[in-house]
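In: Sharing a sequence plus its predicted fold:
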Amino acid sequence: LVDHGAPQDGVPDELSLADPLADDGLGSAQDYCRDTPVIGAQYGELVLNKLVSGSIVVTGNTPPPLPPLPPAAGMSQIAIASPASGIRVMNADGSGVRTLTTDTSDSNPTWSPDGTKLAFHSDRAGSSGADIYLMSYDGSGLRRLTSDASNDRDPAWSPDGRTITFNRDGAIYVMNATDGSAVTRLTDRADAHPTWSPDGLRIAFARWSTGHIYAVNADGSGLTQLTSAAGFDDTPAWSPDGLKIAFQHTAPSDTIGAIYVMNADGTGIARLTMAGQTPAWSPDGRMILYEYYGIWIMNADGSGAKQMGIGFTPAWSRVGTMPTPTPASPRAPNRLRSRGQPTD
């Protein structure tokens, strides 16, 4: 339970231990302490769990630690969806993990260009579909941007910070990033996972009805098909210089997708990993995050892969300093034959 909020929400400590008794949340720190029994009817005595990371304030005689600095003040930040909680954020070297939300349906985080806000989708409202939410980098100021009966997912922030593109009921839309107004439809097929080009002029997305990657102008014109190989393509991600697009491709002979990269016009397709999905570029274009039974990081050429933690749908903030790229390793997981997957 992260409690960098008002004083009545508890002492800020970056990471508090908690034992949730229900799926609907823990409430404030005081609520948890008041309502949690020492002896549980189902499991018996509650026991302490080991603190994996973070810091606990054990005395009120000294000032509590300050909340984390904005991402722009230090190392760049990585946001992920956690299977155990909701949205988590960590430094790009894997340190300083912070839990921002506690609803397990929170997913697909995306950073604002200045690194001070995150948008994500969630089923937390209990309606028929997901909605897009907005919050500060520290988890405060949560606001709901969409609230109709539609299923709104896969938000992606425009480079100028004004617009968010997203998937609504299988089509690509855009809306104002501040208040969710001016919702405009761009496509009319089974489309998902939109991503902006760095110049803000184009949006790439996956068309599930054909299994390929397409791009469209920001106003919905100029539809272009970028991939055409047999199989299924998904989760495109534009490189920071706008020259390449990383994406997930599942070949007909494969049982799981792998990370590929191509030129922005669809030429020069190359395979980077044996398996993986949901790629995300570092702001300097030298590294790529991806998901494969956890979050992995590798150099942009596919070398030096290493696991960073457990989670889904990684997103890398565009501000802050970069960690040192990992050395290339001949035994990196993406260079080995794994689970019967053929090499390139």
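Out: Structure received. Numbers count the residues shown, from 1 in each chain.

In: Please count neighbours and contacts with C-alpha atoms only from this point.
Out: OK.

In: quick one: stretch 99-110 to chain centroid distance?
Out: The chain centre lies 8 Å from the centre of stretch 99-110; the measure is CA atoms, centre = their mean, to the nearest Å.

In: And for stretch 151-159?
Out: Relative to its parent chain, stretch 151-159 has a centroid offset of 11 Å by CA atoms, centre = their mean.

In: Can you show me the CA trace of that stretch as CSV?
Out: Taking Å, rounded to 0.1, in the frame of the first residue of the first chain, the C-alpha atoms of stretch 151-159 are listed here in CSV:
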residue,chain,number,x,y,z
ASN,A,151,-14.6,-1.0,-23.7
ASP,A,152,-11.7,1.5,-23.7
ARG,A,153,-8.1,0.0,-23.7
ASP,A,154,-4.5,0.5,-24.8
PRO,A,155,-3.9,4.2,-24.2
ALA,A,156,-0.9,5.9,-25.8
TRP,A,157,0.2,9.5,-25.2
SER,A,158,1.0,11.8,-28.2
PRO,A,159,4.5,13.4,-28.3
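
In: can you pull the buried residues of that stretch?
Out: Asn151, Asp152, Arg153, Asp154, Pro155, Ala156, Trp157, Ser158, Pro159 (16 or more other CA atoms under 10 Å).

In: any idea which helix or strand comes after the host helix or strand of the fourth one?
Out: Going back to what we said before, that points to Asp154. Per DSSP states H and E, Asp154 falls inside strand 152-157. Remark: after strand 152-157, the chain's next helix or strand is strand 163-168, criterion DSSP H and E.

In: and that following strand with strand 152-157, angle?
Out: Relative orientation of strand 163-168 and strand 152-157, computed by axes from the mean of the first three to the mean of the last three CA atoms, to 10 degrees: 160 degrees.

In: quick revisit: list the strands paired with the strand holding Asp154, with their directions.
Out: Strand pairing for strand 152-157, determined by DSSP bridges: strand 163-168 (antiparallel).

In: Alpha carbons only: can I get the helix or strand following the partner strand in CSV?
Out: Following strand 163-168 in sequence order, the next helix or strand is strand 171-176 (DSSP H and E). Below are the C-alpha coordinates for strand 171-176, written out as CSV (Å, rounded to 0.1, in the frame of the first residue of the first chain):
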residue,chain,number,x,y,z
ALA,A,171,-11.4,0.6,-33.3
ILE,A,172,-8.7,3.3,-32.8
TYR,A,173,-9.8,6.6,-31.3
VAL,A,174,-8.2,9.8,-30.1
MET,A,175,-9.3,12.2,-27.3
ASN,A,176,-8.0,15.2,-25.3
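
In: List of residues touching strand 171-176?
Out: With contact meaning CA atoms under 8 Å, 6 or more residues apart in numbering, strand 171-176 is reached by 162-167, 181-192, 194.

In: Any of the residues you listed buried? List them.
Out: Thr163, Ile164, Thr165, Phe166, Asn167, Arg185, Leu186, Thr187, Ala190, Asp191, Ala192, Pro194.
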